[in-house]
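Enquirer: quick one, fold the following:
(one chain, ligands or ions: 2)
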Amino acid sequence: MTLASRPRRSALYLPASNAKALAKARTLPCDVVILDLEDAVAPELKDAAREAAIAAVFEGGFGERELVIRANALGTEWGAADLAAITAAGPDAVLVPKVSSPADIRACDAALAAAPPHTQLWVMIETCASVAQLDAIAACAADTRLALFVMGTNDLAKEMRARLTPGRAPFLPILTLTVAAARAHGVAVLDGVCNEFRDLAVFRAEAEQGLDWGFDGKTLIHPDQIEPCNAVFTPGAAEVAWAQTVVSAFDQPENAGKGAIKVDGKMVELLHLEQARQMLAIAAQIAART
Ligand SMILES: CC(C)(COP(=O)(O)OP(=O)(O)OC[C@H]1O[C@@H](n2cnc3c(N)ncnc32)[C@H](O)[C@@H]1OP(=O)(O)O)[C@@H](O)C(=O)NCCC(=O)NCCSC(=O)C[C@H](O)C(=O)O
Ligand SMILES: [Mg+2]
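Expert: Numbers count the residues shown, from 1 in each chain. Ligands and ions are numbered 1, 2, ... in the order given. Got it, this is the predicted structure:
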């Protein structure tokens, strides 16, 4: 089970230019909706997509789902206008693709200076250059809006000239180093998309891999991926029961002040107590939603 301040098990992308998908997203059981202005939108539809995304923020209707707009990269002809419009609208977050350095994070943060305080900066980790600077990029969370990384495995594959094989072996070091850099600086982190949206067995295996590797959740491209993703990233009943047992054990008077205790024949330390409390907090939020 991963640790996070709020459930972000499933983050569904959709092209902001697709009005039907946008309406449908308000009814789907995903934790996050990402309105895409970037790769899913053709150049001739960029302006209309931006307008539709901004209108969606003002209209609302997304309930407890976090509403995020993925802008075009700052260096593109649309990037500055996207960030200006997003700043004025104030969604829960803006997701900026193809950042490569701490300077990129600071440029995005500066462009968002007038945004409401609740608007977070999320960035895609999907360039080879970013891989060499993961720790420095994550460290920007200390004094910017940076709060979350999203893996962009399609762009990474393109830049690396690697293949997206089952098991994702070519990306394993990068995925785990990104999780470690994120955790070192209190940044949340979501896994990349699985392009095989018709094969849910392949999808589920990849989601379980993401859970094992420490991700808070996974980004998705199709509604059919939401339920299996939520199932994988929701703490199981046995995990929740164990967490409750650990918390109860540390609450016993005889264990007061102890750093390590014995629970059901296993050693449990204060770090496990912290994990247990975080899991119970996430499980309670998920239970309240369902
Ligand atoms: C992949 C798709 C183009 C497939 O679309 P389609 O053929 O229309 O699928 P279905 O007929 O099965 O759709 C069934 C119904 O579900 C709605 N739908 C489909 N997708 C979405 C969605 N993402 N959000 C909301 N609703 C959706 C359809 O409208 C149908 O509705 P209804 O008729 O009422 O039943 C399509 O799924 C799609 O466009 N997906 C999102 C693509 C996208 O946003 N890509 C960009 C992000 S991924 C990325 O960039 C990766 C990253 O940067 C990297 O580098 O790795
Ligand atoms: Mg990408």
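
Enquirer: from here on, contacts and neighbour counts on C-alpha atoms
Expert: Noted.

Enquirer: the residue most distant from the middle of the protein, which is it?
Expert: Distance from the C-alpha centroid of the chain peaks at residue 254, with 40.2 Å (Cα atoms, centre = their mean).

Enquirer: give me phi/psi at that residue?
Expert: Phi and psi for residue 254, reported as degrees, to the nearest 10, are phi -70, psi -20.

Enquirer: next up, the contacts around it.
Expert: Applying Cα atoms under 8 Å, 6 or more residues apart in numbering to residue 254 gives no contacts.

Enquirer: just checking, residue 147 is part of a strand?
Expert: Yes: checked against DSSP: H, G, I helix; E, B strand; the rest coil, residue 147 lies within a strand.

Enquirer: show me what from the protein comes close to ligand 1.
Expert: By the rule Cα under 6 Å from any ligand atom, the part of the chain lying against ligand 1 is 13-15, 20-22, 24-25, 36, 39-40, 152-155, 192-193, 221-223.

Enquirer: apply 8 Å and report the result again.
Expert: 12-15, 18, 20-25, 28, 34-36, 38-40, 97, 124, 126, 151-156, 192-193, 195, 197, 219-224 (Cα under 8 Å from any ligand atom).

Enquirer: any idea how far the residue positioned nearest the centre of the chain is from residue 171?
Expert: Using Cα atoms, centre = their mean, the residue of the chain that lies closest to the mean C-alpha position is residue 190, 3.3 Å off. When distance is defined by Cα to Cα, to the nearest Å, residue 190 is 14 Å away from residue 171.

Enquirer: repeat that for residue 36.
Expert: Taken as Cα to Cα, the span from residue 36 to residue 171 is 24 Å.

Enquirer: the two: which is more packed in?
Expert: residue 36 (25 against 17; other Cα atoms under 10 Å).

Enquirer: which residues pair with that one across the strands?
Expert: Judged by DSSP bridges, the bridge partners of residue 36 are residue 15, residue 70.

Enquirer: my read is that it contacts residue 13, right?
Expert: Yes: shown here, residue 36 and residue 13 form a contact pair, counting by Cα atoms under 8 Å, at 6.4 Å.

Enquirer: and residue 74, helix, strand or coil?
Expert: Look at residue 74: counting by three-state DSSP, its state is coil.

Enquirer: tell me how many other residues surround it.
Expert: Applying other Cα under 10 Å, I find that residue 74 has 20 neighbouring residues.

Enquirer: likewise for residue 13?
Expert: Around residue 13 there are 24 other residues, counting by other Cα under 10 Å.

Enquirer: is the helix or strand that contains it positioned near ligand 2?
Expert: Element membership for residue 13 (DSSP states H and E) is strand 10-15. No: using Cα under 5 Å from the ion, strand 10-15 never reaches ligand 2; the gap is at least 11.5 Å.

Enquirer: and that strand, how far out from the chain middle?
Expert: 11 Å (Cα atoms, centre = their mean, to the nearest Å).

Enquirer: mean confidence for it?
Expert: Strand 10-15 comes out with an average pLDDT of 98.

Enquirer: got the CA positions of it in CSV?
Expert: C-alpha atoms of strand 10-15 as CSV (Å, rounded to 0.1, in the frame of the first residue of the first chain):
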residue,chain,number,x,y,z
SER,A,10,-7.1,6.7,-10.7
ALA,A,11,-6.4,9.8,-12.8
LEU,A,12,-8.3,9.8,-16.1
TYR,A,13,-7.1,11.8,-19.1
LEU,A,14,-9.4,13.0,-21.7
PRO,A,15,-9.0,15.5,-24.6
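
Enquirer: for it, name the packing helices and strands.
Expert: On a contact count with 3 or more Cα pairs under 8 Å, 6 or more residues apart in numbering; DSSP states H and E, strand 10-15 meets helix 19-25, strand 32-36, strand 217-220, helix 226-233.
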